[in-house]
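Undergrad: got a sequence here, can you model it:
(chains A, B, C and D)
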Number of protein chains: 2
Amino acid sequence: MKKIREELQQFGLAATHPRSVILRCLRERKDHPDAETVYQTVHQEIPSLSIDTVYRTLNLFASSGLIVHLAMPTHRFRFDGGVEPHDHFLCTTCEQIVDIEPEENDHQVFSEKVAALGQILSLQRVYLGTCHACKKAI
Amino acid sequence: MKKIREELQQFGLAATHPRSVILRCLRERKDHPDAETVYQTVHQEIPSLSIDTVYRTLNLFASSGLIVHLAMPTHRFRFDGGVEPHDHFLCTTCEQIVDIEPEENDHQVFSEKVAALGQILSLQRVYLGTCHACKKAI
DNA sequence: GTATTTGCAAACTATTTGCAGTATT
DNA sequence: AATACTGCAAATAGTTTGCAAATAC
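TA: Here you go, the predicted structure:
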């Protein structure tokens, strides 16, 4: 928990109890949760927590760069507590998201053409399709 | 317009007037519109058109593969009438989306690791950042 | 003529915001 | 003590759906 608090402070954010628990939740989970899911989890540890705070906190963390707001055609915003570059697979049926570790030689260099469009901050790659479970269910 | 109607029929969809005009709108625009924007445009040609039909039609087209439901962390769903593979730049401030034509040697082959996750139907790459206009405005 | 599609209206779901009290620095 | 954060409540925004009338095949 100490590390989480320090992280918040390094980003210039007050290390409150809700924020610490929300950030720890994001760091531990591997399933790229939405606000509701984060709320359900953190609510167990802080019963007084409201979902408004979860929304505000997730937006704050994402714009600070502490977490990643995922580019996905899903019905709810999804977040990723892993900030090292990697790709994702999205099952467009059940909306589960799976991490894909980058290849050794993948250094995400942007071409000049891309750089000319503005200040590029990140690149997200999403493979879209149907997971085995959903495929079977059809 | 003939071509548009034929396209709909090839995909097994009834070539109604609303659908034809909506598909033509998507094919002509370069700005990756949301449902509201499509509605504003098509509404000029078909005043009786309702936005419900726009939502239904966009979802139908996207699941049929006639258009692409973009993977973007935007507040509204965005659609692309260009179906040949290409990348996108998203300004996370003004939410404008710009096409990036693929490099010559970009053939979008999926690794076995990716293919093992399920049936992969497409890959979307999104460069996120701030466009020049928004950068200046800060 | 039959089946599919559309408009209307309403519902539903997700997300944001103002304000006053509370916690953090 | 001053500032920043949170909960409450309500508002806002985006999208979906049931049903009867209209349209396409």
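
Undergrad: could you use CA atoms for every contact and neighbour count after this?
TA: Will do.

Undergrad: can you give the domain ranges for chain A?
TA: With domains defined by automatic domain parsing, chain A comprises A:2-70, A:82-137.

Undergrad: how about the residues of chain A that lie near DNA strand C?
TA: Contact residues (Cα under 7 Å from any atom of the strand) of chain A with DNA strand C: A:9, A:14-17, A:34-36, A:51-52, A:55-56, A:59, A:75-77.

Undergrad: check what contacts the top strand by length along chain A and list those residues.
TA: Assignment by DSSP state E gives strand A:118-131 as the longest strand of chain A. Applying Cα atoms under 8 Å, 6 or more residues apart in numbering or on different chains, the contact partners of strand A:118-131 are A:70-72, A:86-93, A:108, A:114, B:71, B:117-132, B:135.

Undergrad: give me the low-pLDDT residue ranges for chain A?
TA: Where chain A drops to pLDDT under 70, the residues are A:1, A:107.

Undergrad: around chain B, pick out the residues from it.
TA: Counting by Cα under 8 Å from any Cα of the partner chain, the residues of chain A lying close to chain B are A:69-73, A:77, A:89, A:100, A:114, A:117-132, A:135.

Undergrad: ranges for the helices of chain A?
TA: Ranges of helices in chain A, per DSSP state H, are A:2-10, A:17-28, A:35-45, A:51-64, A:112-115, A:132-137.

Undergrad: can I get the CA coordinates of the last one in CSV?
TA: What follows is helix A:132-137 as a C-alpha-only set of coordinates in CSV (Å, rounded to 0.1, in the frame of the first residue of the first chain):
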residue,chain,number,x,y,z
HIS,A,132,-13.6,-19.6,-28.0
ALA,A,133,-16.4,-19.7,-25.5
CYS,A,134,-18.6,-17.3,-27.4
LYS,A,135,-17.8,-19.0,-30.7
LYS,A,136,-19.0,-22.3,-29.2
ALA,A,137,-22.2,-20.7,-27.9
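
Undergrad: now for that helix, which elements pack on it?
TA: strand B:118-131 (3 or more Cα pairs under 8 Å, 6 or more residues apart in numbering or on different chains; DSSP states H and E).

Undergrad: ok, now with 10 Å
TA: Using 3 or more Cα pairs under 10 Å, 6 or more residues apart in numbering or on different chains; DSSP states H and E, the elements in contact with helix A:132-137 are strand A:87-91, strand B:118-131.

Undergrad: export those strands to JSON lines and tack on distance to DNA strand D and mean neighbour count?
TA: Listed next are the helices and strands packed on helix A:132-137 as JSON lines, based on distance: least, Cα to the nearest atom of the strand, whole Å; neighbours: other Cα atoms under 10 Å in any protein chain shown:
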{"stretch": "strand A:87-91", "distance to DNA strand D": "16", "mean neighbour count": "23"}
{"stretch": "strand B:118-131", "distance to DNA strand D": "18", "mean neighbour count": "20"}
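
Undergrad: select, out of those strands, the one closest to residue B:4.
TA: Residue B:4 lies closest to strand B:118-131 among these, at 23.4 Å (Cα to Cα).

Undergrad: run the angle between that closest one and strand B:87-91 for me.
TA: 40 degrees (axes from the mean of the first three to the mean of the last three Cα atoms, to 10 degrees).

Undergrad: tell me which strands strand B:118-131 pairs with, and in which orientation.
TA: With DSSP bridges as the test, strand B:118-131 is paired with strand A:118-131 (antiparallel), strand B:87-91 (parallel).

Undergrad: how many other residues sit next to residue A:72?
TA: 29 (other Cα atoms under 10 Å in any protein chain shown).
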